[in-house]
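*Asks:* sequence and predicted structure below; questions after.
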Amino acid sequence: MRRAALVFALLLSACVGKHEPVRVASPLSASVAVVLDAEQERAVLDTPEYLRAAVVEQLREHNLATSLVGVETVAEGFNRLRATPHRLAHLAEVSPADILVLVETRARFESRLQGARRWTVSARITAVRSHARDLPAQADLETPVFLRFEFEDEGEALRDATPVIVKRLSRVVDELLEVLVGSEAAYVPPPRIHPADAVYFVMVDRFADGLADPEGSVDPADPQGFHGGDLPGLIARLDHLQQLGVGAVWLSPVFAMRDAKIGEHGAFHGYWTTDPYAVEPRFGTEADLRRLSDELHRRGMKLYLDFVANHVGYDAPLVAQKPGWFHGLGDIEDWDDPVEATTHDVHGLPDLAHENPEVREWLLDAGRHWIDAVNPDGFRLDAVRHVPLEFWAEFNDAMRAAAGDDFVLLGEMFDGNPGVLARVGTEGRFSHLFDFPLRYAVVDAICGGAPLGRVAAALTSDWAARSGTTPVTFADNHDLPRILSECGGDAARATAALDVLLTARGVPCVTYGTEAGLDGAGEPENRADMRWTEHALGAALRDGLWRRKEHPSLITGTTVVEQLSADRIALRRTLGIENTRVVITRDAVLVEDASPVPVPPSPVVEWSVGLDRDDVDALIAVGGGEALGDWDPARGLPFQRTDAGFRAAATLPSGVVLEYKLVARLTDGSYAWEARGNRYLLVEPGASAQLTWGA
């Protein structure tokens, strides 16, 4: 018993002595459940007293009056409800409180190593206000534990992992309470320097020519040839970017590269790199790149370099010099196969073998080299899905160690599934990811006539909060059709699409030439030369970027949808005492100041579905977001069978829009999706849906 008390005291002192926890001025009630999900069976088990007591003590440090809910109270519900949002709703039912805290743990035996038994303990820690619209604060962790004796099991593993779990718990509660105490500690708006460092993408060869080009080295008449843009030309045009209102410049790759075509495809874009340690001479010198960095920083702007880690250029000397550095397995044939995606060539580009320590160190050293030589503010990371997430986690941590925690690591994860982005952001340790789900939604709805519910659902998606990454919104880029072409040349629709992105959460990214009305439905037209002329989109873009400076709520505020129809969205962006109302239609976006409104409670949403089929074993609502399984039927919201059909209920944040479909699990185990477009539902008090399968 004395040993247990001593262990607990040591664990607790290790947990709480590292930082000063955020405290609310007046005590708030908190309900906490700490559970162990069994690895081998669908069961919820109790956790050691050490862990439970340490969790309660830590919450008291935040001035939370904590009620520990025993596993016997929640076991039945938690066995049935496996998704965290559903468990939180169940916890709120059995033990109402101001704050809900859920600690879900797992312990897995891994191996024996030199007399020790290695276990892996993982935990998901979630904290949320019961009656508020803000998203939960959440963290996932995994830590190894080494035990000495055969009789030591999950309980001892969790005991030894307690310091790590409780330390992370304190950070999660800090995150939640920092929002909550804003009204107590006085809201301080972010610095009004640049609108959230809105990013401007420059394809260097197509932007501005500042160097004399050797005879025969450029051919502006060839859409796949080099046109002469370079770093000195960009430096000469920085006044334009600053007046436009952007705060950061992202360059296409400027490192030594192949310059000959492959078939009809040109090399001017820079993504066929041959030496990531040298600047491409066509674009200038390392001194020019450093001068660009210094000039941007003098203006209070930032520089992001494009870093290619997946491959080298066709016929790069490194392929012959270091054949063991490449997979050599041929082109990707099945793009949905995760193994092929990270081990085969993308359109013939030699695929680097990231499992090789020499390859990893070569790439990490290249990143560190440019941090030291140029002092950039971040990297844009190309082709994320084709590189193992284990490498990205190592690379991103190494770059932060070299440049500081604020170094931007912006990943291009080319995927429209919010759940995929949440997983990639967490496991790859990115600071930012491009918001492909919102881009697809905006193009489909504003330019293509799809329901505006698509946009509302994307704007209130929880993927960024779940992964801890910042979304970077965009209308187009060098790999996609230009927004003016997506909207069929309709400048009003293209302006509305841009305005949606410029009023959305996250950081907007603009592709060079949008302000000049550049179009193009595909390569190379969408990579045309910059035009230095005025266009209606230029004025709209300038107004939208500078409007973000005037309304901090458009940069980091919360989003609550207040009204939704097929052709209109009314939403509110709130940050502290500032409220901004945004009304979106396909033809225009209206932005205006708004008066504060009471925070609506998180309502219980109810569904009822009439479905009479003998071959249906279960009915599930499946859609975007964790509550609906991230479009995975195995993790969606289950319905209960009744005499009249099926019914379901869930407590969800008010002001969120759900995009979903009904899916039937048939008696043979297969899934049948209803044959109709996606459904949309605005979560608000009294929200309910009476549905008919497929109608």
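*Replies:* Ah, there it is.

*Asks:* what sits against the spatially closest residue to residue 581 that is not a sequence neighbour?
*Replies:* In space, residue 581 comes closest to residue 594 once its chain neighbours are excluded; the distance is 4.0 Å by Cβ to Cβ, 6 or more residues apart in numbering. (Each C-beta comes from the backbone N, C-alpha and C, glycine too.) When contacts are counted by Cβ atoms under 8 Å, 6 or more residues apart in numbering, residue 594 is found next to 572, 579, 580, 581.

*Asks:* gap between residue 594 and residue 630?
*Replies:* With the distance defined as Cβ to Cβ, to the nearest Å, residue 594 ends up 32 Å from residue 630.

*Asks:* now pLDDT and neighbour count too, for the contacts of residue 594, in TSV please.
*Replies:* Listed next are the contacts of residue 594 as TSV, based on pLDDT from 0 to 100; neighbours: other Cβ atoms under 10 Å:
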residue	pLDDT	neighbour count
572	93	20
579	88	19
580	92	21
581	95	16
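
*Asks:* please flag which of those residues sit within helices.
*Replies:* Taking DSSP state H as the definition of helices, the contacts of residue 594 contribute nothing to them.

*Asks:* tell me how many other residues surround the spatially closest residue to residue 347 that is not a sequence neighbour.
*Replies:* What sits nearest to residue 347 in space, not counting adjacent residues and going by Cβ to Cβ, 6+ apart, is residue 331, at 6.8 Å. Applying other Cβ atoms under 10 Å, we find 12 other residues in the vicinity of residue 331.

*Asks:* show me where the stretch 101-250 of the chain has its strands.
*Replies:* Counting by DSSP state E, counting those that start in this stretch, the stretch 101-250 of the chain has these strands, from start to end: 116-129, 137-147, 199-202, 248-251.

*Asks:* now the residue nearest to residue 511 when sequence neighbours are not counted: how far from residue 382?
*Replies:* Counting by Cβ to Cβ, 6+ apart, the nearest residue to residue 511 once its immediate chain neighbours are dropped is residue 201, at 4.9 Å. Here the criterion is Cβ to Cβ. By it, residue 201 lies 12 Å from residue 382.

*Asks:* who's more crowded, the two?
*Replies:* Set side by side, residue 201 and residue 382 show more neighbours around residue 201, with 24 against 19, by other Cβ under 10 Å.

*Asks:* OK, contacts around that one?
*Replies:* Taking Cβ under 8 Å, 6+ apart as the criterion, residue 201 is in contact with 250, 252, 477, 478, 509, 510, 511, 512.

*Asks:* tell me the contacts of residue 352?
*Replies:* Counting by Cβ under 8 Å, 6+ apart, residue 352 touches 309, 310, 311, 312, 325, 326, 327, 359, 363.

*Asks:* how about the third one, what does it touch?
*Replies:* By that I understand residue 311. Applying Cβ under 8 Å, 6+ apart, one finds that residue 311 lies in contact with 345, 346, 349, 350, 351, 352, 383, 386.

*Asks:* farthest-apart pair in those, please.
*Replies:* In the contacts of residue 311, two members sit farther apart than any others by Cβ to Cβ. They are 350 and 383, at 13.0 Å.

*Asks:* so for those two, which sits in the more crowded spot?
*Replies:* The neighbour comparison of residue 350 against residue 383 (other Cβ under 10 Å) goes to residue 350, with 21 against 18.

*Asks:* right, and that one touches residue 326 too?
*Replies:* Yes: between residue 350 and residue 326 there is a contact at 5.0 Å, judged by Cβ atoms under 8 Å.

*Asks:* which neighbours do the two share?
*Replies:* Between them, residue 350 and residue 326 share these contacting residues under Cβ under 8 Å, 6+ apart: residue 319.

*Asks:* contact partners for residue 637?
*Replies:* If you count contacts by Cβ under 8 Å, 6+ apart, then residue 637 has 83, 86, 620, 621, 622, 627, 628, 629, 648, 650 around it.

*Asks:* give me the beta-bridge partners of the fifth one?
*Replies:* Following DSSP bridges, residue 622 is listed with bridge partners residue 661.

*Asks:* quick check: buried residues in stretch 408-427?
*Replies:* Along stretch 408-427, these residues count as buried under the neighbour rule (16 or more other Cβ atoms under 10 Å): 408-413, 415-426.
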